[in-house]
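Novice: the sequence and its predicted three-dimensional model are supplied below.
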Amino acid sequence: MAYEKRQNQNTNMQKPSQGTPPPEINITPELAQSLLDSQHPDLSDLPIRHLDSGWDNTLFRLGNEYILRIPRRKVSVQLLRKEQKWLPILSERLPIEVPTPIRIGTPDQNYPWHWSITPYFEGQAAAVEPPDDTEAIVLAHFLKALHQPAPEDAPANLLRGVPLSVRASQVENRLQRLKGKTDRITPKIERIWQSALAANTSFENRWVHGDLHSRNILIHKGKICAVIDWGDLTSGDVATDLACIWMLFKSESVRQKAIEVYQPSPDLLARAKGWAVFFGAVLLETGLVDSPIHAEIGRGIFENLENN
């Protein structure tokens, strides 16, 4: 999802979405081993296994307890540095685990950017292993703990936590293109989007995760065990995060329990559904290019909004 943000900054949204960007550096197990050998030799004897490569980082399992998080593109480094600075502060008040860096890697002769060693969390992405319905209340309490006033030096993000009017033309272009590819863009979805645009805008600066979709929430035995990928962390409108309720829970009654705990205003609730449309459109359109799991998440979001 962070790729969507930077792609929008540099391309005309009238153009169809591209898929996953290629790496600028080939992040291999051998490179990861060399970084450990030179900078953290006390961990260099632990076995390394490739886990995943996303839009921004390549991930390796390091032994039983750690993850190596190594940027694969220069533009992703600033996101990692944001996590390194702010997660140690935020984690103190959050009721769910987050990947606070345990070690910080620095540029050297083998690799030009910063990188991190973070805890390993036993679990699967919610897109693969849905949470139990009881976790709706857990999620609501997590969001309330996160969505506190942010300091003046909180990181800026021009495309998350912002008024939906900023994203309107881009979202509507995506919806229009998707109409030719899927039947998920119904009149009800369009009404939800228009209601979100009509809602009163919030200019409060509260902490916002910014990318709280179901690949960034980990589940273990039905319980939410960690919230990961904080590269889009910013301050602004918390509706961006509240949208995750329509990503995680298929039952309207379960979603309502989360809403009752969080207690959003009618305007915030409308904007949250609008952000759910945003995430659904981004994930479905980009997923149709080269990521079936993203496409399925997008379809699920629209289905949940339709059944609201």
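Specialist: Yep, that arrived. Numbering: from 1, shown residues only.
Novice: CA atoms for contacts and neighbours, from now on please.
Specialist: Fine.
Novice: H50: neighbour count?
Specialist: Other residues near H50 come to 16 when the count uses other CA atoms under 10 Å.
Novice: look at it and give its secondary structure.
Specialist: Counting by DSSP: H, G, I helix; E, B strand; the rest coil, the backbone at H50 sits in strand.
Novice: for the nearest residue to it once chain neighbours are set aside, what are its contacts?
Specialist: Excluding the flanking residues, the one nearest H50 by CA to CA, 6 or more residues apart in numbering is F60, at 4.4 Å. If a contact means CA atoms under 8 Å, 6 or more residues apart in numbering, then F60 has 29, 48-52, 67-69 as its contacts.
Novice: in the protein, which residue is closest to the centre?
Specialist: D211 (2.5 Å; CA atoms, centre = their mean).
Novice: element containing that residue?
Specialist: According to DSSP states H and E, D211 maps onto no helix or strand at all.
Novice: for it, which non-adjacent residue is spatially closest?
Specialist: Closest to D211 by CA to CA, 6+ apart is D232, at 6.1 Å.
Novice: what's the neighbour count on the one you found?
Specialist: Using other CA under 10 Å, D232 is surrounded by 25 other residues.
Novice: hmm, it is touching W207, no?
Specialist: No - taking contacts as CA atoms under 8 Å, D232 lies outside contact range of W207: 10.8 Å.
Novice: can you map out the helices along the stretch 201-308 of the chain?
Specialist: 239-242, 245-248, 252-262, 266-290, 292-306 (DSSP state H, counting those that start in this stretch).
Novice: export these as a markdown table, with columns for mean pLDDT.
Specialist: Output for the helices of the stretch 201-308 of the chain, formatted as a markdown table (pLDDT from 0 to 100):
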| stretch | mean pLDDT |
| --- | --- |
| helix 239-242 | 98 |
| helix 245-248 | 97 |
| helix 252-262 | 98 |
| helix 266-290 | 96 |
| helix 292-306 | 96 |
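Novice: of all those, which one is nearest R174?
Specialist: For R174, the closest of those is helix 266-290, at 6.2 Å, according to CA to CA.
Novice: now the residue nearest to H50: how far from G298?
Specialist: Separation of F60 from G298 (CA to CA, to the nearest Å): 27 Å.
Novice: check A168 too.
Specialist: 18 Å.
Novice: now do W86
Specialist: Going from W86 to G298 by CA to CA gives 29 Å.
Novice: and those two? Which one has more around it.
Specialist: A count of neighbours by other CA under 10 Å puts G298 above the other of W86 and G298, at 27 against 15.
Novice: the more buried one reaches A281, doesn't it?
Specialist: Yes - contact criterion CA under 8 Å: G298 and A281 qualify, at 6.4 Å.
Novice: in a strand, R167, correct?
Specialist: No - judged by three-state DSSP, R167 forms no part of a strand; its state is helix.
Novice: return the backbone torsion pair for the residue nearest to it when sequence neighbours are not counted.
Specialist: Nearest residue to R167, sequence neighbours excluded (CA to CA, 6+ apart): L159, at 7.5 Å. Dihedral angles of L159 (phi, psi; degrees, to the nearest 10) stand at phi -130, psi 10.
Novice: might one say that K250 is in contact with N304?
Specialist: Yes - using CA under 8 Å, K250 is in contact with N304, at 5.8 Å.
Novice: hang on, the earlier thing: who is the residue nearest to H50 paired with across the strands?
Specialist: H50, L68 (DSSP bridges).
Novice: pull up the gap between it and L87, please.
Specialist: 20 Å.
Novice: repeat that for E135.
Specialist: Separation of E135 from L87 (CA to CA) stands at 23 Å.
Novice: between these two, tell me which one has more neighbours.
Specialist: E135 (20 against 16).
Novice: do you know the pLDDT at the more buried one?
Specialist: Per-residue pLDDT puts E135 at 98.
Novice: that one touches K223, doesn't it?
Specialist: Yes - in this structure, E135 is within contact of K223 by CA under 8 Å, at 6.4 Å.
Novice: sketch out the low-pLDDT regions of the stretch 1-150 of the chain for me.
Specialist: Along the stretch 1-150 of the chain, segments meeting pLDDT under 70 span 1-19.
Novice: walking through it, point out its helices one by one.
Specialist: According to DSSP H, counting those that start in this stretch, the helices that the stretch 1-150 of the chain contains are 2-10, 29-39, 77-90, 135-146.
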